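In: Would you be able to build a 3D model of this:
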Amino acid sequence: MTKNGEGDLVVMDIEAFSRREKMLKLREELLAVQEDRLAGRIGVTPDELDTYLNSIIDEARHRKNT
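Out: Numbering: from 1, shown residues only. Sure thing, here's the model as predicted:
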């Protein structure tokens, strides 16, 4: 929706909003991990990250199907 010709408001269903929020949270977490890696701090192994990401994908798929 617009106000005075400018974008002012977005309306979306709760499922789309929830997916968007989860993706933003994941992006923030991935950026933090990247910053840690570049700073030389020890993070998680690729296998640990893969397991974590797969769990998020599985959860999203489960919620989409319910």
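In: now the helices: where do they sit in the protein?
Out: Using DSSP state H, the helices of the chain run over residues 14-38, 46-65.
In: Those helices: lowest mean pLDDT?
Out: Mean pLDDT is lowest for helix 46-65 among those, at a mean of 89.
In: Just the CA coordinates for it, please, in CSV.
Out: What follows is helix 46-65, C-alpha atoms only, in CSV (Å, rounded to 0.1, in the frame of the first residue of the first chain):
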residue,chain,number,x,y,z
PRO,A,46,31.2,-27.9,8.0
ASP,A,47,29.4,-31.1,9.1
GLU,A,48,27.9,-29.4,12.2
LEU,A,49,26.7,-26.5,10.0
ASP,A,50,25.3,-28.9,7.5
THR,A,51,23.4,-30.8,10.2
TYR,A,52,22.0,-27.5,11.6
LEU,A,53,20.9,-26.2,8.2
ASN,A,54,19.3,-29.5,7.3
SER,A,55,17.3,-29.4,10.6
ILE,A,56,16.1,-25.9,9.7
ILE,A,57,15.1,-27.1,6.2
ASP,A,58,13.3,-30.1,7.6
GLU,A,59,11.4,-28.0,10.1
ALA,A,60,10.3,-25.6,7.4
ARG,A,61,9.1,-28.4,5.2
HIS,A,62,7.2,-30.0,8.1
ARG,A,63,5.5,-26.7,8.9
LYS,A,64,4.7,-26.1,5.2
ASN,A,65,3.0,-29.6,5.0
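In: Counting by contacts, list what it packs against.
Out: On a contact count with 3 or more Cβ pairs under 8 Å, 6 or more residues apart in numbering; DSSP states H and E, helix 46-65 meets helix 14-38. Placement of C-beta: from N, CA and C, glycine included.
In: Check which helices and strands the helix it packs on sits against.
Out: helix 46-65.
In: Report the distance from the helix it packs on to the chain centre.
Out: Relative to the chain's own centre, helix 46-65 is displaced by 11 Å; criterion: Cα atoms, centre = their mean, to the nearest Å.
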